[in-house]
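Novice: this is the structure alone, sequence omitted:
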């Protein structure tokens, strides 16, 4: 017997506990090519909010009654795929559950020589990879440039800010608490608290690129601050995901023309072919302590909905994870 | 004695006659390397509206009292530059005046073998070049794709719509009068009148690229209609140039992320190195009648301000020009 979390109702605004249901799931055994995985840590990610509205975007939406699939880290219990053996650490898309069966070809084995297994959901997983692809492939950043990263203390933002530093950029970052700002400053980021300082004031010197995790007012300020040929790496818009209705966009979008700007969105799943290249560059930085990471770990599968909602209140520093089982 | 038009006041909203002054200009003689040019046709262009607000963008703004410089077609009267001889047709930046002196290196000699000289301000000049660069370099359009062109009966739009057709795309175009729609349909464009049909309804099949000359509501509709990996060629926003204050942007900008869209602005002056390549591809189409063009020619330098204001009321079909002297 194991437990899973399902969508009980479509959230309106900030997700509430009552939008989710903790229930027992059917135990299953792996068939040919499948693997039984016991989850250790499950990931809560801002993009999942969009899936709960029922609109299909780049991934299917969740319907009411559906279990919440998504990224999770676990250990192999039983395997009918010769690529995996009991005890292996794997990243799956099993989501918010204690255990489940997945096709072996949909699992990624974690190389524990690279770092603690939890990093496979954070700095050495999709959040770090998203930061790297955003900078390298979408933003095509160059040494000596100045980049602004919003949500810079989050899982993607903190990786983006530090990778940009390591690549020779000047980095300005925003975050929502003094603690986060202090951490970012210790990493060499020119950080400011957006509750105390307006983004437009923090960006007075001008920027060459903007790594947007937030949208809204910060995007408008960044468009004003961008220099000619500047780029917006459109990664996320966490300030908007809980809007009951679509709010208007930036008033200064025409600056895209007059300053020859480029704004480009991307979805990390399209770029998976470059994951090995990412690991080869970034894992040594993590191992050598040049790229730091933080995790906010909440305990117990019953607390997954609260942890998820906490993302939108900025309760995480670095990657938000929920522990649903022992290592 | 010759005449020129100067900025008398900064326009508020739609430019009025009283914002301009027709005055006599000082006659000048060319010094070494300079050329005296008598204007035949002067160009009125939407981008000039932005220069009248006094904000420096990619070109200097006009100050009150300044003569209005800009593109003009004329003939050489007297030359102290061996590259030019009396009678040569040249494109200059002398702007809204009957004659003036320019440095030879700032003039482009018109090859009258390519077409009537007036085309050097239209389909074989910057408007046509803007359309071509937008499609080839910014939008990177491919045969079989569908593109939407707003302002499709304008100087840039009509060239963009036809070049896209010649490159094997399906083309949807919007315009503001039945006459314009008829013309576009005769060119193989699926044209609609945006007063009668909402852009979102005209774009129900989906599009791969959007050539934006208009901004505002049409941009919002195009973002909704774009397929994954779609592109917005951000060329202009004529619907917004006379706004007293900046209006909000599209409500659906987050589609840039979920559909991995790219929105890129450009300024044609940055791309001048490719002008010969443009002429080599497009001039034969014009010569062979595969690419058609229209001109709306107003007579008399005193009517330049009215012609300019007419751009924003859609009074032009194709390129709007003002004749200020005989051929």
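Specialist: Done, it's in. Just so it is clear, the structure is predicted and the values come from calculations on it, not from any experiment.
Novice: in what helix or strand does the residue nearest the centre of chain A lie?
Specialist: Geometric centre of chain A, nearest residue: residue A:127, 4.3 Å, by Cα atoms, centre = their mean. Per DSSP states H and E: residue A:127 is located in helix A:126-133.
Novice: same thing with residue A:21?
Specialist: Under the criterion of DSSP H and E, residue A:21 resides in strand A:20-25.
Novice: where exactly do the strands run in the stretch 51-200 of chain A?
Specialist: For the stretch 51-200 of chain A, the strands defined by DSSP state E, counting those that start in this stretch occupy A:72-79, A:89-92, A:99-103, A:108-109, A:146-149, A:170-175, A:190-193.
Novice: mind putting the ones you listed in JSON lines, distance to residue A:123 and mean pLDDT included?
Specialist: C-beta: built from backbone N, CA, C; applies to glycine. Rendered in JSON lines, the data for these read as follows (distance: least, Cβ to Cβ, whole Å; pLDDT from 0 to 100):
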{"stretch": "strand A:72-79", "distance to residue A:123": "13", "mean pLDDT": "98"}
{"stretch": "strand A:89-92", "distance to residue A:123": "13", "mean pLDDT": "98"}
{"stretch": "strand A:99-103", "distance to residue A:123": "23", "mean pLDDT": "97"}
{"stretch": "strand A:108-109", "distance to residue A:123": "15", "mean pLDDT": "97"}
{"stretch": "strand A:146-149", "distance to residue A:123": "15", "mean pLDDT": "98"}
{"stretch": "strand A:170-175", "distance to residue A:123": "16", "mean pLDDT": "98"}
{"stretch": "strand A:190-193", "distance to residue A:123": "18", "mean pLDDT": "98"}
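Novice: give me the angle between the strand holding residue A:21 and strand A:99-103.
Specialist: Using axes from the mean of the first three to the mean of the last three Cα atoms, to 10 degrees, the inter-axis angle of strand A:20-25 relative to strand A:99-103 is 80 degrees.
Novice: next helix or strand past strand A:20-25?
Specialist: Immediately after strand A:20-25, counting by DSSP H and E, sits strand A:34-43.
Novice: hmm, who's touching stretch A:309-318?
Specialist: With Cβ atoms under 8 Å, 6 or more residues apart in numbering or on different chains as the contact definition, stretch A:309-318 has outside contacts at A:14-16, A:44-46, A:49, A:122, A:153-155, A:158, A:175-177, A:179-180, A:183, A:238, A:241-242, A:293-296, A:298, A:307, A:320.
Novice: can you list the low-confidence ranges for the stretch 51-200 of chain A?
Specialist: Scanning the stretch 51-200 of chain A for pLDDT under 70 picks out the ranges A:55-57.
Novice: so which residues of the stretch 51-200 of chain A form helices?
Specialist: Remark: helices assigned in the stretch 51-200 of chain A by DSSP state H, counting those that start in this stretch are A:126-133, A:155-166, A:178-186, A:199-202.
Novice: residue A:268 touches residue A:130, doesn't it?
Specialist: Yes. Between residue A:268 and residue A:130 a contact is recorded at 4.6 Å, counting by Cβ atoms under 8 Å.
Novice: and the gap between the residue lying closest to residue A:79 once chain neighbours are set aside and residue A:82?
Specialist: Nearest non-adjacent residue to residue A:79, counting by Cβ to Cβ, 6 or more residues apart in numbering or on different chains: residue A:35, 4.7 Å away. Applying Cβ to Cβ, to the nearest Å, the value for residue A:35 to residue A:82 is 11 Å.
Novice: who's more crowded, these two?
Specialist: Shown here are residue A:35 and residue A:82; by other Cβ atoms under 10 Å in any protein chain shown, residue A:35 has more neighbours (27 against 8).
Novice: show me what contacts the more buried one?
Specialist: By Cβ under 8 Å, 6+ apart, the contact set of residue A:35 is A:76, A:78-81, A:84, A:90, A:101-104, A:107.
Novice: out of those residues, who's nearest residue A:168?
Specialist: For the contacts of residue A:35, the minimum distance to residue A:168 (Cβ to Cβ) is 35.4 Å, reached by residue A:90.
Novice: excluding covalently adjacent residues, which one is nearest to that closest one?
Specialist: Distances taken as Cβ to Cβ, 6+ apart put residue A:107 closest to residue A:90, at 4.5 Å, once the chain neighbours are dropped.
Novice: just how off-centre is stretch A:88-108 within its chain?
Specialist: Centroid separation between stretch A:88-108 and its chain, computed with Cα atoms, centre = their mean, to the nearest Å, is 18 Å.
Novice: follow-up on the earlier one: these two touch, right, the residue nearest to the centre of chain A and residue A:156?
Specialist: Yes. Here residue A:127 reaches residue A:156: they are 4.8 Å apart, a contact under Cβ under 8 Å.
Novice: list the buried residues for the helix or strand hosting residue A:6?
Specialist: If you go by DSSP H and E, residue A:6 is part of strand A:2-7. Along strand A:2-7, these residues count as buried under the neighbour rule (16 or more other Cβ atoms under 10 Å in any protein chain shown): A:2, A:4-7.
Novice: return the member of those residues nearest to chain B.
Specialist: Distance to chain B across the buried residues of strand A:2-7 (Cβ to the nearest Cβ) is lowest for residue A:7, with 19.2 Å.
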